[in-house]
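Undergrad: sequence first, then the predicted structure, then my questions.
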Number of protein chains: 2
Amino acid sequence: MADQHPDAPTWSYAPDMSQAAPATSSASVETVLAQLRARGGRVTTARRRLLQALFESSEHRTAEDLAAEIQELAPDVHISTIYRNLDELERLGVLVHAHLGHGPATYHLSSVAHSHLVCERCGVAIEAPDELFRGLAVDAQAHFGFTIDPRHFAVLGRCKDCSGDTPA
Amino acid sequence: MADQHPDAPTWSYAPDMSQAAPATSSASVETVLAQLRARGGRVTTARRRLLQALFESSEHRTAEDLAAEIQELAPDVHISTIYRNLDELERLGVLVHAHLGHGPATYHLSSVAHSHLVCERCGVAIEAPDELFRGLAVDAQAHFGFTIDPRHFAVLGRCKDCSGDTPA
DNA sequence: CCTCTTTCGCAACCAGGTCGCAATTGGCTA
DNA sequence: TAGCCAATTGCGACCTGGTTGCGAAAGAGG
């Protein structure tokens, strides 16, 4: 195999500025509710609000974040209902969760899923384009027959600002 | 930048068969205890046994595994003591912990630390050589100024045997 | 508006750790 | 080899993040 210089980046990347309209990427709240109904599921206010919350922002949000937001309008929605619905929607393929280090999982629509680089020191989460993992994906497959899923668990490390600092 | 063929592995790897004598890689139990003493720390039986357990096998072991092993000889050693000593030894740099997916952390001597590829379905943990992450390390640094620490959190995905199976 | 399920709210529970505290013990000094 | 004092221990309570069993409530087709 032809080696390349060990410190040469293997791809280049320019941020994508072309997305003026966020959210509603591939399905709307009502579309998902229709899917749910088609499966014999019920459309409840808790579910509708949860989906609204998920569609209206693409940030990384924990179950507790979502619960807090929903409870502003509907204080009786219990956290366990949130968890059950998050599970259900994940089974449906509408959303996915990711682990950005220690602490709670974060949820987002599968249409906006991406990988993360998370700083162990300051906690910042960098959204990484999939190309960053191309090489690793190819190599893991070639050498171990392993198909990586880099979106589920973040890659930890040190961000630019923290990389010079003390290990603690 | 010169692109290479997208499906060409970027490195090759032959398993290293040359390690006949495992453990005691760079420090022995007594060496570590001496370090501890030099810092004003005390040498207790719990610590000695914990270190013995860590040095005698390089497998991935959880705090509970280690507690169980130690408690065979010294039943009164409490799990909280194990945790406290694991923390202390990690601060000393003697050992590190890693997260291989959901569930408890695993501990091992820092001298034998490595990265992992963990199957989300069957749970198998493949020990990955550091070269596997060279490309990702270079690219994350080049594009985001981010220094990856691939040993702390495993990369999840599907192993050879599970990659054809249903998503659940 | 009835009936059959699904879903909900709630409280209890679980895993994996962490912490405060009083009792114990290592290790130095005499 | 006894004494002293800080480091460490055992223990139980507590914490976060999440799951579960249960009876009550509420969708949705008839």
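TA: Done, it's in. Numbering: from 1, shown residues only, chains lettered A, B, ... in the order given.

Undergrad: where does chain A have low pLDDT?
TA: A:1-6, A:15-27, A:165-168 (pLDDT under 70).

Undergrad: show me the strands in it, by range?
TA: Ranges of strands within chain A are A:95-98, A:106-109, A:115-119, A:125-128, A:147-148, A:155-158, based on DSSP state E.

Undergrad: and the shortest one with chain B, contact?
TA: Just to be clear, that refers to strand A:147-148. Yes: using C-beta under 8 Å from any C-beta of the partner chain, strand A:147-148 reaches chain B at A:147, A:148. Yep, even glycine has a C-beta here, placed from its N, CA and C like the rest.

Undergrad: direction included, what does that strand pair up with?
TA: strand B:155-158 (antiparallel) (DSSP bridges).

Undergrad: sorry, back to before: turn the strands of chain A into a markdown table, columns for mean neighbour count and distance to DNA strand C.
TA: Below are the strands of chain A laid out as a markdown table (neighbours: other C-beta atoms under 10 Å in any protein chain shown; distance: least, C-beta to the nearest atom of the strand, whole Å):
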| stretch | mean neighbour count | distance to DNA strand C |
| --- | --- | --- |
| strand A:95-98 | 20 | 15 |
| strand A:106-109 | 20 | 16 |
| strand A:115-119 | 22 | 17 |
| strand A:125-128 | 18 | 21 |
| strand A:147-148 | 19 | 23 |
| strand A:155-158 | 23 | 15 |
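
Undergrad: so which of these comes closest to residue A:61?
TA: Nearest of the strands of chain A to residue A:61, taken as C-beta to C-beta: strand A:106-109 at 6.0 Å.

Undergrad: identify the residues contacting the closest residue to residue A:36 other than its chain neighbours.
TA: Sequence neighbours aside, residue A:43 is the residue nearest to residue A:36 in space, at 6.3 Å (criterion: C-beta to C-beta, 6 or more residues apart in numbering or on different chains). The contact partners of residue A:43, taken as C-beta atoms under 8 Å, 6 or more residues apart in numbering or on different chains, are A:33, A:36, A:37.

Undergrad: for residue A:33, same thing?
TA: Residues near residue A:33 by C-beta under 8 Å, 6+ apart: A:43, A:47, A:48, A:51.

Undergrad: what does chain A put close to DNA strand D?
TA: By C-beta under 7 Å from any atom of the strand, the residues of chain A that approach DNA strand D are A:37, A:42-45, A:62-64, A:79-80, A:83-84, A:87, A:103-105.

Undergrad: now do 6 Å
TA: Selection of chain A residues close to DNA strand D by C-beta under 6 Å from any atom of the strand yields A:37, A:42, A:43, A:44, A:62, A:63, A:80, A:83, A:84, A:103, A:104, A:105.

Undergrad: what's the lengthiest helix in chain A packed up against?
TA: Across chain A, the longest stretch assigned as helix under DSSP state H is helix A:79-92. Contact analysis of helix A:79-92 by 3 or more C-beta pairs under 8 Å, 6 or more residues apart in numbering or on different chains; DSSP states H and E lists helix A:29-38, helix A:45-56, helix A:63-73, strand A:95-98 as its packing neighbours.

Undergrad: please save the CA atoms from the first one in CSV.
TA: As requested, C-alpha coordinates have been extracted for helix A:29-38 and formatted as CSV (Å, rounded to 0.1, in the frame of the first residue of the first chain):
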residue,chain,number,x,y,z
VAL,A,29,-44.3,16.9,13.1
GLU,A,30,-47.6,15.9,11.4
THR,A,31,-45.9,13.4,9.1
VAL,A,32,-44.4,11.6,12.0
LEU,A,33,-47.6,11.6,13.9
ALA,A,34,-49.3,10.0,10.8
GLN,A,35,-46.6,7.3,10.8
LEU,A,36,-47.4,6.7,14.4
ARG,A,37,-51.1,6.4,13.8
ALA,A,38,-50.5,4.1,10.9
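
Undergrad: list the buried residues in it.
TA: A:29, A:32, A:33, A:36 (16 or more other C-beta atoms under 10 Å in any protein chain shown).

Undergrad: next: the longest one.
TA: Applying a neighbour-count criterion of 16+ other C-beta under 10 Å, the buried positions in helix A:45-56 are A:46, A:47, A:48, A:49, A:50, A:51, A:53, A:54, A:55.
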